[in-house]
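1. generate coordinates for the sequence data below:
(2 chains)
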Protein chains: 2
Amino acid sequence: MEIKVVKRIMEANEQHAEVVRQRLNEAGVVALNVISAPGSGKTSLIECAIRELREELSVAVIEGDPDTTRDAERIARLDVPVVQVNTEGGCHLNATMVLRALDEIRRDGLRLLFIENVGNLVCPVVFDLGETHRVAVVSAAEGHDKPAKYPALFRTAQVTVLNKVDLIPYLDFDESQLISDVRKLNPTMPILRVSCRTGEGMAEWIGWLRQAVTTPSAVSVR
Amino acid sequence: MEIKVVKRIMEANEQHAEVVRQRLNEAGVVALNVISAPGSGKTSLIECAIRELREELSVAVIEGDPDTTRDAERIARLDVPVVQVNTEGGCHLNATMVLRALDEIRRDGLRLLFIENVGNLVCPVVFDLGETHRVAVVSAAEGHDKPAKYPALFRTAQVTVLNKVDLIPYLDFDESQLISDVRKLNPTMPILRVSCRTGEGMAEWIGWLRQAVTTPSAVSVR
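-> Below you'll find the predicted structure:
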């Protein structure tokens, strides 16, 4: 009985994910499901991307959080469409939530949709949101052992962003271990070293995003 | 039907949590359920505590992780009993897992049991493990907005440890905002500022632990 219920939840999610995917495809929108632990800098990475890209293409954001509208307020200050989804304690977004949020966003002319998931390295990984690509973010301050300890995300992502590299001098952080652990899980995935604070690596992040939008098939598709 | 299943899972957890609590009480063991986001430094905080306290009292550890035995290996190097629980992708420990792990630990003479939960600010919060106290850990590198965005943990914890305070000079971190947000959720909970790297605040952390073991009722009991 428990297995049946779980199966039904996952089936409902798959159905809604397919509807999301279809609507995005029809409108020519590339959607990125951004997943990380809490506080690894997802919102900052999205803010930087909006500042760089909003002149050349139309961007929108869906923000997932258990509580508050703080992230949506940060994005709204950049004057792009944003919808906050509060999961009310829930530990991940699901495709039903994204489908509803999508109704609030004008898709006509939209090219890039960021879906910032709830900060969590486990639960968001098993829920397809109908996204084009999955972005794994890990902060250097979290330590080099996160990919090995939370392997599912890194197995299923199309890009890993190693954020807060400006803090590395102040950490006991073994970058080559992290890279080797990610490589074991996902041998060809790009790993981008960035710092939203200093701007280091931002060109690579923006470059990856541009390629994801212009030639989605060039970055490996699920 | 879904609600029934969830209710049954939670009832089973409550039953096992009560068995854990009873066994710990009989043996005079104080158990701490340590909860945080991935990479906020739970294992390091436990390592520091063991180094300081192992001469004066008997300590053991249950380590929860989706994968790997890395944390248990770190603890084993300190020569204290440790059991690794791999949740195989699961996003939290539950009381059934703790009950099984407890069978592997000699409780005779044991005074302090650390239960390091899976790195996750959401799911572990709803599962009672039969612990005496709940310890919330948040790293300064995660940003000051975490208590407001993930309020349930801070509402139910008996102490908050703000870790990695040595990084604050290199962060855009508003400590007074974090403290005020925690205070709103939990007006009387101690908030300890620590750095495992520099040793700052370690005396307060060890002091809180000593008090938790010697006079558990002095730190507020759930």
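
2. give me the beta-bridge partners of the spatially most central residue of chain A?
-> Note on chain A: the residue nearest the mean C-alpha position is A:Val34, at 0.8 Å, using CA atoms, centre = their mean. Under DSSP bridges, the beta-bridge partners of A:Val34 are A:Glu116, A:Val135.

3. residues contacting the residue nearest to A:Glu142 when sequence neighbours are not counted?
-> Of all residues not flanking A:Glu142 in the chain, B:Gly39 sits nearest, at 2.6 Å (CB to CB, 6 or more residues apart in numbering or on different chains). From N, CA and C alone the C-beta is placed, and that goes for glycine too. The contact partners of B:Gly39, taken as CB atoms under 8 Å, 6 or more residues apart in numbering or on different chains, are A:37, A:139, A:141-143, A:146, B:119, B:139.

4. tell me the secondary structure at B:Gly39.
-> Secondary structure, DSSP: H, G, I helix; E, B strand; the rest coil: B:Gly39 is coil.

5. ramachandran angles for it?
-> For B:Gly39, the backbone dihedrals (degrees, to the nearest 10) come out as phi 80, psi 20.

6. burial count for the closest residue to A:Asp79 other than its chain neighbours?
-> Nearest residue to A:Asp79, sequence neighbours excluded (CB to CB, 6+ apart): A:Arg54, at 7.9 Å. A count of nearby residues for A:Arg54, using other CB atoms under 10 Å in any protein chain shown, gives 14.

7. packing partners for the lowest-mean-pLDDT helix or strand in chain A?
-> None of the helices or strands of chain A scores lower by mean pLDDT, DSSP states H and E than helix A:2-27, at a mean of 88. Where contact means 3 or more CB pairs under 8 Å, 6 or more residues apart in numbering or on different chains; DSSP states H and E, helix A:2-27 is packed against strand A:30-36, helix A:95-102, helix B:2-27.

8. now do 10 Å
-> Contacts defined by 3 or more CB pairs under 10 Å, 6 or more residues apart in numbering or on different chains; DSSP states H and E place helix A:2-27 against strand A:30-36, helix A:95-102, strand A:112-116, helix B:2-27.

9. buried set for that helix?
-> By 16 or more other CB atoms under 10 Å in any protein chain shown, the buried positions in helix A:2-27 come out as A:13, A:16-17, A:20-21, A:23-24, A:27.

10. for those residues, give me CSV that also has distance to A:Val161.
-> Converted to CSV, these look like this (distance: CB to CB, whole Å):
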residue, distance to A:Val161
A:Asn13, 25
A:His16, 27
A:Ala17, 23
A:Val20, 23
A:Arg21, 23
A:Arg23, 26
A:Leu24, 22
A:Ala27, 26
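
11. just flag the most distant two among the residues you listed.
-> In these, two members sit farther apart than any others by CB to CB. They are A:Asn13 and A:Ala27, at 21.2 Å.

12. quick one: the helices in chain A?
-> Listed in chain order, the helices of chain A (DSSP state H) span A:2-27, A:42-53, A:70-76, A:95-102, A:146-149, A:151-156, A:175-185, A:202-214.

13. which residues touch the last one?
-> When you say that, I think you mean helix A:202-214. A:28-32, A:45, A:48-49, A:51-53, A:56-57, A:59, A:111-112, A:114, A:132-133, A:135, A:158-159, A:161, A:163, A:190-196, A:218-219 (CB atoms under 10 Å, 6 or more residues apart in numbering or on different chains).

14. for A:Gly90, what are its contacts?
-> Neighbouring residues of A:Gly90 by CB under 10 Å, 6+ apart: A:64-66, A:97, A:118, A:120, A:123, B:122-123.

15. and of these, the nearest to B:Ala72?
-> After measuring those against B:Ala72 - CB to CB - the closest member comes out as B:Cys123, at 20.9 Å.

16. can I get the contacts of B:Gly39 in TSV with distance to B:Val213, neighbour count and pLDDT?
-> Below are the contacts of B:Gly39 laid out as TSV (distance: CB to CB, whole Å; neighbours: other CB atoms under 10 Å in any protein chain shown; pLDDT from 0 to 100):
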residue	distance to B:Val213	neighbour count	pLDDT
A:Ala37	30	28	97
A:Ser139	33	28	98
A:Ala141	30	27	98
A:Glu142	30	32	98
A:Gly143	28	22	97
A:Lys146	31	24	96
B:Gly119	25	30	96
B:Ser139	25	28	98
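
17. so A:Leu110 touches A:Pro81, yeah?
-> Yes - assessed by CB atoms under 10 Å, A:Leu110 is found in contact with A:Pro81 at 8.1 Å.
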